[in-house]
Every structure is written in C-alpha cells, then in structure tokens.
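Participant: Got a sequence here, can you model it:
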Amino acid sequence: MKHLKTKDKKARFGICFGEDYLKIIKYIPNRKKAFFDFKVVHFPVNPLDKEIIDKTFCALKDLGYNNNPIMISLPRNQATCRYVKIPTRLPSEIEKIIPFQTSKYLPYPNLELITSYQTISSDKSGYSHINLNIVHKDVVSRYLSILKSLAIKNFSILLSSYGLYTLYNEIAPKDNGTTMIVDVDTLYAELIVASQKKLIFSRSIKITQQQTLEQQLADEIIKTNNAYTKETNQPLPEKVIIFTNKNIDLNILKSKVPIPIETLGYLNKNTWTSSADETIKSTGVSVASLIGFMLKKASLDLNILPVEIKETRKRYIRKKEFLKSVFFAAVTLLVFTLAIIKNIDNKTAYREKLKSELEKLSPEARRLELLEHRFTLLQSQGKERLALLDVLYELHKVMPQNILLSNFTYEENNQIVLRGQTPNLDSVLDFVSYLEKSQGFKEFSVKMRYATKKKTSMGEFIDFEIICLKKGTHA
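Facilitator: Take a look at the predicted model:
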C-alpha cells in the first residue's frame, strides 16, 4: 500500500464492508469543528476482493489515513450470537468451556470457528451469564486478507452490535433500564436489547420489498421481544429506540407495537463535515455502529480474531505496559535522586539520607514480598482447579465418534476410569492408543481392563472399561 499522509496522528478510523456499500468514518478527538468525516462507496453486486481493496484504498487516501488505528465493524448478519450460562466465574475457565458450546449452534468443527464474548453477570451459585459471538473462520480470514493487502496492521474486528449499544450509552448515559435498539441500514436491520450498560441479545433481519418498512419493522420488533424473553428470561424492554436515516412513519409503528417507540437523531449529536452529512442522508446508510466504536474503545475480549493473533496482542500489551512502568519508575527515581543531591551538604549527609529512605522502603518491600507469595499460592491452587477441565478437554479432542461413554470417574492425583460402549473392538483399541499419545494423559498409564461383547435387541456392541492410573501409584 502506498504511503498515506494525514495531519492528525490522533485520528481513528472505522470501516464496514457491507454487501452494497463500503462505509469509512474518520474521527478526530478533542477538536471543536469537523471531527467526523465520512466516505461511502457503492459496491456492485458480489464485488471481487480486488475491487474492494482498490475502493478502500482510494477512500482511505481521500480521508488522509496514515497507519491510524482502524476498527472493522462486522455486520451482525455474518455472526451467530447466543445468551449462554457457563458454570464458572473465572475468565480462563470460561475460555476453555466455550469451545464445547459452539458446536451446539453451528454445524462446524471448533477449529473452523472464531469466538468472542462479554460477561454480562455472575450469580451466587458460581455461574456466569455471557453473550457469546461465533463467526466462521472463512469470514474473518477474508477480512484479514483484505487488511493485509492494504498493509493495515493496527486494527480490530468487532461485532456491529457492540457499536450500537456503545453509541446509545454515550447518548443516554443515565438510562440503565432495558431498551431495544433498532438500527435500519440499506439492506439489513439490526435489533439489539441492552440493559444495565450491557448488550444482552441481538438479531439481524434482511429488509424485503414484500412489505412496507414500517410493517416489517413492527413484525420483527415483536419477534425479537419474544425471542429475547425466551432465551434470556430477563425483564422485557421498556422502550424501543430507532436509529435510521430513512423516512419512517413513526405513527404507523406505534399503532402496531405495544411498546413505546421513538427515533433518535444521533447525527445531530456530533459535528460532521458538510459533505459527510449530505452523503449519509442521500444514501440512507447507517453509521451508528461505526460512531459507537469511534467514541469508546472496546475490550480486547470482544475482538473477533484467531486465538494466535489475540495471544500475540496480549503479550504485546503486557510488554508495553511493563516498559511504561519501568520508564516512569526510572524517571521518578531520577527526580527523587536529583532532589536529594540538591538538598545535601556533603557526601556523608547524602549517604545518611539514602540509608534513611531504604529503611522506609524495607517494610513496604517485605509487604510486597508477602503479596507475591500469596499470589503464587493462589496461582498454584488455580492450576489444580483446572486439572479436571484439562482432562475433559483432551477427551473431547481424542475420543472417536462411535465411542459412547456411559460412566466417567475422576480421582484427583490417582486414577481415571472410563466405561462405555462401541460397535466394534477396533474403536476401543484406537481410543486407548489416542489416550496414550495424548499430551493431557502423559502422566497416566492407560490400560484396557476389559472389553466384552454383548447382545441386545438393538444388536451387538462392545462393553468396555479403560483405567488410567497415575504413574507411580497402584490399582
């Protein structure tokens, strides 16, 4: 990609690759005039990636892009979202359990799916309620390929729903109730439910020409209300807010929907260049989610990226924060030292002063050492709690499809007993072989205790028992 220049290094950019439009927004914080600018480019039907790359390059160039941070708004219709209950409060355990949940909603192997989530709440019984987002890997890979061709490295990919509820939180910061927000774009409408500053539920629908827009929106608002109630068992929305740049007869909607409805002119809340304002109103496109992402940075957990990229970024952030801490500590020490030197009369006084300061720091150092010891202890305990999850995860990976486990016994630091049935003996032998080679069972010796052929009205099957003894122990 060519070198693109901009006068403002603080600018942030947002992009949405829709089916019919490319939308790019530029946001410059802390300026009184023209801090929002916008480009919209109409796409032909099923554009080639080369066309998308060329049009994106030209639009970014016109807006003065120069390696600024970019937020990609992933349209809601390209993702699957579910309200899920997870039996743990620990983020590390939630991330391990999530892969077991994805197969319930999409008919693909876990390796072909990319997830992100937001914890909504946790209860006294130790469960976490999360908003789980699932996207097929091919969708994300296509975005990554386009960004790579544009030489864009500083980017995030976030579900459009989070931009919508962030925008509403910024516009109505005192509203902690349950609200349905409807964002009407050119081809799709997105409906979300937010409560207590959290996104609880979301849907996407395609706008058709078979009904009037008002009738279709009324039907989908009622459907969303019913689906939200059934899936989450949360309080009903108290009102409906509509974001749109289209002409909608609000009186028709009010007559068809039994919930208070109002439209919100979010464009009037911000300062735009005149050309951007005209472009948005003439095309009727929605920029609500893009504005939301510009006004407030989203959490890294919401990034819809492959695990390896997320981990690399987390390590980079940790390293950056560590270096920043070291820098400030060094500056503080330098200032402190200069202040001491300035106020001492001779080397003896300087030496005595340093000794005094060290004596003051010693109790604090001992306290920090004790805290470090406690954190180490907590970390070791946390690892022990994860042992069972690790075993279950390994079983999920290696167990053949025609094996049915009927009993699972886990005795920590001793043995694991697996009982089940399978149509043939080869499957049991393969299962034993997989367990012996599995990284999660490397500390166990795996043996097949018995495999007995049985006949039932449903046919013949092999009843088996496998015992996994901790190495160094006896049965």
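
Participant: can you list the weak-confidence ranges in the stretch 1-150 of the chain?
Facilitator: 1-8, 30-35 (pLDDT under 70).

Participant: Check the stretch 201-350 of the chain too.
Facilitator: In the stretch 201-350 of the chain (pLDDT under 70), the answer is 267-277, 313-314, 316-322, 335, 337-350.

Participant: Any figure for the gap between Ser445 and Glu465?
Facilitator: 15 Å (CB to CB, to the nearest Å). Where you see a C-beta, it was placed from the backbone N, CA and C, and this is true even at glycine.

Participant: whoops, Ala79 was the one
Facilitator: 43 Å.

Participant: between the two, which one's more packed in?
Facilitator: Ranked by neighbour count (other CB atoms under 10 Å), Ala79 and Glu465 place Ala79 first, with 21 against 16.

Participant: how near is that one to Val139?
Facilitator: For Ala79, the distance to Val139 - CB to CB - is 8 Å.

Participant: Could you do Leu404 as well?
Facilitator: 34 Å.

Participant: These two: who's more crowded?
Facilitator: Val139 (16 against 11).

Participant: Show the residue spans covered by the strands in the stretch 51-200 of the chain.
Facilitator: 70-74, 80-86, 113-122, 128-136, 155-159, 178-184, 188-195, 198-206 (DSSP state E, counting those that start in this stretch).

Participant: next one: the stretch 301-450 of the chain
Facilitator: 404-411, 415-422, 444-456.

Participant: ranking those strands by burial, who's on top?
Facilitator: Highest mean neighbour count of these: strand 415-422, a mean of 19 (counted as mean count of other CB atoms under 10 Å).

Participant: what comes into contact with that strand?
Facilitator: Here strand 415-422 makes contact (CB atoms under 8 Å, 6 or more residues apart in numbering) with 391, 400, 402-410, 428, 431, 444, 461-470, 473, 475.

Participant: now stretch 115-126
Facilitator: 83-84, 87-89, 91, 94, 98-99, 102, 128-135, 159, 162, 198-200, 299, 301-304.

Participant: do that again at 6 Å, thanks
Facilitator: Here stretch 115-126 makes contact (CB atoms under 6 Å, 6 or more residues apart in numbering) with Arg89, Ile98, Ser128, His129, Ile130, Asn131, Leu132, Asn133, Ile134, Lys198, Leu302, Ile304.

Participant: Closest one of these to Gly177?
Facilitator: Lys198 (12.1 Å; CB to CB).

Participant: OK, contacts around that closest one?
Facilitator: So Lys198 contacts Ile120 (CB under 6 Å, 6+ apart).

Participant: give me the beta-bridge partners of it?
Facilitator: Ser195 (DSSP bridges).

Participant: if I look at it, how far off is Ser128?
Facilitator: If you go by CB to CB, the gap between Lys198 and Ser128 works out to 13 Å.

Participant: What segments of the protein are helices?
Facilitator: 49-63, 91-102, 137-149, 160-171, 213-232, 250-256, 274-283, 288-295, 307-343, 347-385, 387-398, 425-437 (DSSP state H).

Participant: Let me know which of those helices is tucked in deepest.
Facilitator: helix 288-295 (a mean of 26).

Participant: other SSEs contacting that helix?
Facilitator: strand 12-17, strand 70-74, helix 160-171 (3 or more CB pairs under 6 Å, 6 or more residues apart in numbering; DSSP states H and E).

Participant: Would you mind confirming that Phe155 makes contact with Met71?
Facilitator: No. Phe155 is not in contact with Met71 according to CB atoms under 6 Å; the separation is 7.4 Å.

Participant: out of the two, which sits in the more crowded spot?
Facilitator: It is Met71, of Phe155 and Met71, that has more neighbours when counted by other CB under 10 Å, with 24 against 17.

Participant: show me what contacts the closest residue to the more buried one other than its chain neighbours?
Facilitator: Using CB to CB, 6 or more residues apart in numbering and skipping the chain neighbours, the partner closest in space to Met71 is Phe293 (4.2 Å). Residues counted as contacts of Phe293 (CB under 6 Å, 6+ apart) are Gly14, Met71, Gly163.

Participant: at 8 Å what do you get?
Facilitator: Gly14, Met71, Ser73, Leu158, Tyr162, Gly163, Thr166.

Participant: what about it, distance to Asp62?
Facilitator: Distance from Phe293 to Asp62, by CB to CB: 20 Å.

Participant: coming back round to it: taking the contacts of stretch 115-126, please make a ChimeraX selection of just the buried ones.
Facilitator: Burial among the contacts of stretch 115-126 is assessed by 16 or more other CB atoms under 10 Å; the matching ChimeraX selection reads:
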select :98,128,129,130,131,132,133,134,302,304
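
Participant: ok, of the contacts of stretch 115-126, which one's closest to Lys223?
Facilitator: Among the contacts of stretch 115-126, and counting by CB to CB, the member closest to Lys223 is Asn131, at 19.1 Å.

Participant: Might one say that the closest one is in contact with Ile86?
Facilitator: No. Applying CB atoms under 8 Å, one finds Asn131 not in contact with Ile86, separated by 11.3 Å.

Participant: Overlap in contacts, those two.
Facilitator: Contacts common to Asn131 and Ile86, judged by CB under 8 Å, 6+ apart, are absent.
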